[in-house]
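Trainee: no FASTA, just this:
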């Protein structure tokens, strides 16, 4: 199948955009790659930066261990397909959490339906997609909490969104110290200042701070 470059915004022009059905997408790629299927095309992403991967690893350990120790559900990292709806897009978030309540959505090959929490770490080419296309799709599908982490030099920013009673995302501000307290992960908090350090702190040590002394 030929690769076709389509007219896309500047931040996505280095990606491969290949027209295909969802059924074709499921068998199109033999090697582990990060790709998504949206509106009749597969989008094959550029390899992530080292900064992107460091933050993904940091959050995967910090949040993943919290979920594990509190027995809250299952926590995953890319590449793993999340099929938002039967006729909807197929996305591969950087990180995602599925609560015990919705573990029936976890199948052998993918997440069938929305995760409860999705984390996207912005890459140079993904800002528009993460803040617009995915924002709208995750909101419509019912992803209850959405984190957008932007580690690009000079643009460092973390945004947190939670579905309200009308099914619309509302922003949740940080406190005066830059701390976010999750609505989906009970008693979990994240100091966003950790994310911008040149050398990321030890997530296992931070986990002990978050969880507090054992009863």
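Mentor: That came in fine, so what should we check first? Because the structure is a prediction, the values reported are computed rather than measured.

Trainee: which of the residues in the lengthiest helix in the chain are buried?
Mentor: Secondary structure of the chain read by DSSP state H shows that its longest helix is helix 50-70. Under the neighbour-count criterion of 16 or more other CB atoms under 10 Å, helix 50-70 has 52, 54-56, 58-67 buried. For the C-beta atoms, the positions are set from N, CA and C on the backbone; glycine is no exception.

Trainee: and the strands in the chain?
Mentor: Here the chain has its strands, by DSSP state E, at 16-19, 35-38, 41-44, 73-77, 81-83, 90-91, 95-99, 110-112, 117-121, 145-150, 157-163, 169-171, 179-181, 189-191.

Trainee: so which of those strands comes closest to residue 133?
Mentor: Closest to residue 133 of those is strand 35-38 (CB to CB; 7.4 Å).

Trainee: quick one on the thing from earlier: dump the strands of the chain to TSV, plus distance to residue 211, mean neighbour count and mean pLDDT.
Mentor: Below are the strands of the chain laid out as TSV (distance: least, CB to CB, whole Å; neighbours: other CB atoms under 10 Å; pLDDT from 0 to 100):
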stretch	distance to residue 211	mean neighbour count	mean pLDDT
strand 16-19	42	17	81
strand 35-38	34	20	76
strand 41-44	38	18	77
strand 73-77	15	19	97
strand 81-83	27	22	93
strand 90-91	30	24	88
strand 95-99	16	22	98
strand 110-112	26	18	95
strand 117-121	18	25	97
strand 145-150	19	22	97
strand 157-163	20	18	97
strand 169-171	27	13	98
strand 179-181	14	15	97
strand 189-191	10	18	98
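
Trainee: a markdown table for those strands, including distance to residue 139?
Mentor: Formatted as a markdown table, the strands of the chain follow (distance: least, CB to CB, whole Å):
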| stretch | distance to residue 139 |
| --- | --- |
| strand 16-19 | 24 |
| strand 35-38 | 15 |
| strand 41-44 | 20 |
| strand 73-77 | 20 |
| strand 81-83 | 14 |
| strand 90-91 | 13 |
| strand 95-99 | 15 |
| strand 110-112 | 17 |
| strand 117-121 | 11 |
| strand 145-150 | 8 |
| strand 157-163 | 7 |
| strand 169-171 | 5 |
| strand 179-181 | 19 |
| strand 189-191 | 21 |
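
Trainee: which residues are in contact with residue 201?
Mentor: By CB atoms under 8 Å, 6 or more residues apart in numbering, the contact set of residue 201 is residue 194.

Trainee: now it: how far from residue 136?
Mentor: 34 Å (CB to CB, to the nearest Å).
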